[in-house]
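In: Return a 3D structure for these sequence lines:
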Amino acid sequence: MSLILCVETTSTNCSVALATENGGFPNDYGILHCLDILEDNSDGYSHGERLHIYIDEILSRNNFSTKDLNAIAVSEGPGSYTGLRIGVASVKGLCYALDIPMMAISTLESLSQQNTSSGVTIPMLDARRMEVYAAVFEHQIIVQEVSAVVLEKESFSRFRESGNLTFIGTGVEKFRELIQEEQHRYITSNPTAITLCDLAIEKYKKSDTVDVAYFEPFYLKEFKAG
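Out: Modelled structure (predicted):
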């Protein structure tokens, strides 16, 4: 049995999960390969204080140690600059020390997995003011690449003509208020490690890994203080 630690720190949610082929953890997203999850889905950032504690705790309560891990998957961004730095640095350190593979998973692809309905999914993460990090997926296949989008009334207009469209993420409410179209589904949600699990198992089977020494988070934009 492969055991993969999944780490999600791109938002205020400090979230870790264990992925295995058998899975079995009950969830609302139809995720098959999650064994367990531990997270602090709060309004403030707690990654620096909680991440390693959560990793130790989730392994311990499932009778594992870090030596049992076959790989570690991390949410690669885009997202919070500080959250990404903490998550990726922690995963790189563990992978190097344990000599195990590291896998990087698109944060927006993972976020799109929270939508259980069919049709078009547009995950969007708040990037301050009227900007979001967004992508477009149709039946879990990406049809518009990840980009920084300044929200306007015309944003995603060609997809909004569809009657089966779901917006999901931390940038949803400000777009909903802007376009005032109630025919779509709007889900305000942070990324979570549970939706990394199936993607991590798939990547592990394909040996789709990254170079631990040279991998950098996908910031999308340069960091600006303030």
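In: any idea of the mean pLDDT for the host helix or strand of residue 177?
Out: Assigned by DSSP states H and E, residue 177 falls within helix 172-179. For helix 172-179, the mean per-residue pLDDT is 96.
In: In terms of secondary structure, what does the helix or strand following it contact?
Out: Where DSSP H and E defines the elements, the next helix or strand beyond helix 172-179 is strand 185-188. Applying 3 or more Cβ pairs under 8 Å, 6 or more residues apart in numbering; DSSP states H and E, we find strand 185-188 packed against strand 165-169, helix 172-179. Any C-beta I mention is one placed from the backbone N, CA and C, and that applies to glycine too.
In: among these, which is nearest residue 70?
Out: Nearest to residue 70 among the helices and strands packed on strand 185-188 is strand 165-169 (30.0 Å), distances taken as Cβ to Cβ.
In: Run through who's touching the closest one.
Out: 108, 111-112, 114-115, 117, 119-126, 132, 134, 159, 175-176, 184-191 (Cβ atoms under 8 Å, 6 or more residues apart in numbering).
In: who's in contact with the helix holding residue 177?
Out: 124, 126, 130, 132, 151-153, 155, 160, 167, 186-188.
In: Need the distance between the two termini of stretch 132-147.
Out: One end of stretch 132-147 to the other measures 8 Å (Cα to Cα, to the nearest Å).
In: Pull the residues that contact the one helix or strand in the chain whose mean pLDDT sits lowest.
Out: When the helices and strands of the chain are compared on mean pLDDT, DSSP states H and E, helix 157-160 comes out lowest with a mean of 92. For helix 157-160, contacts defined as Cβ under 8 Å, 6+ apart pick out 120, 122, 136, 165, 179, 181, 184.
In: Need the buried ones from these selected in PyMOL.
Out: The buried subset of those, as determined by 16 or more other Cβ atoms under 10 Å, is captured in PyMOL by this line:
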select buried, resi 120+122+136+165+179+184
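In: If we only consider the contacts of helix 157-160, which is nearest to residue 18?
Out: Nearest to residue 18 among the contacts of helix 157-160, counting by Cβ to Cβ, is residue 122 at 29.3 Å.
In: does the closest one belong to a helix or a strand, and which?
Out: strand 120-126.
In: Give me the distance between that strand and the centre of its chain.
Out: 12 Å (Cα atoms, centre = their mean, to the nearest Å).
In: sorry, back to before: can you say which of the contacts of strand 165-169 are buried?
Out: Among the contacts of strand 165-169, the ones that count as buried by 16+ other Cβ under 10 Å are 108, 111-112, 114-115, 119-126, 132, 134, 159, 175, 184, 189-191.
In: All good on my end, thank you.
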